[in-house]
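1. just coords:
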């Protein structure tokens, strides 16, 4: 009976280890490998409106991983791109991660690790949204 109990404990431990070793599903992104939302230190809410993103800046610590919950309060589809400020401004570059095709009233999330020296930023590059002011800065501490 004791050996059966030991065998049961060993089986339970093996199942637990197998479950813990499965990879987290990636966040929506292009460019660098996405971070796991489970590894994020905090969640920041961003609201993408008509010609603005609120808040207009977010302060982060170098090395911090943050999940951004992006809500579209505009009447048209929006996106959120995040990465190095020059890449965001040009809407191209290897540093960018994106939450695309966010319908009016909908939300999406993306997770980003701020492991470089920056400067970092975010924005909505659909149509003229960015030029109208739908952008923000990441303040790196």
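-> Received it, and whenever you're ready, just let me know what you need. What you are looking at is a predicted structure, and each value in this text was computed from that prediction instead of being measured. Numbers count the residues shown, from 1 in each chain.
2. residue boundaries of the helices in this protein?
-> 2-20, 85-90 (DSSP state H).
3. ok, of those, where does mean pLDDT dip lowest?
-> Across the helices of the chain, helix 2-20 has the smallest mean pLDDT, namely a mean of 43.
4. is it true that residue 54 touches residue 47?
-> Yes: using CB atoms under 8 Å, residue 54 makes contact with residue 47 at a distance of 4.5 Å. C-beta: built from backbone N, CA, C; applies to glycine.
5. Looking at the two now, which is surrounded by more residues?
-> Set residue 54 next to residue 47 and count neighbours by other CB atoms under 10 Å: residue 47 wins out with 15 against 12.
6. what about that one, distance to residue 92?
-> For residue 47, the distance to residue 92 equals 25 Å [CB to CB, to the nearest Å].
7. Where does pLDDT dip in this protein?
-> Within the chain, the ranges that satisfy pLDDT under 70 run 1-38.
8. The same query, at a cut-off of 50, please.
-> Applying pLDDT under 50 to the chain flags residues 2-34.
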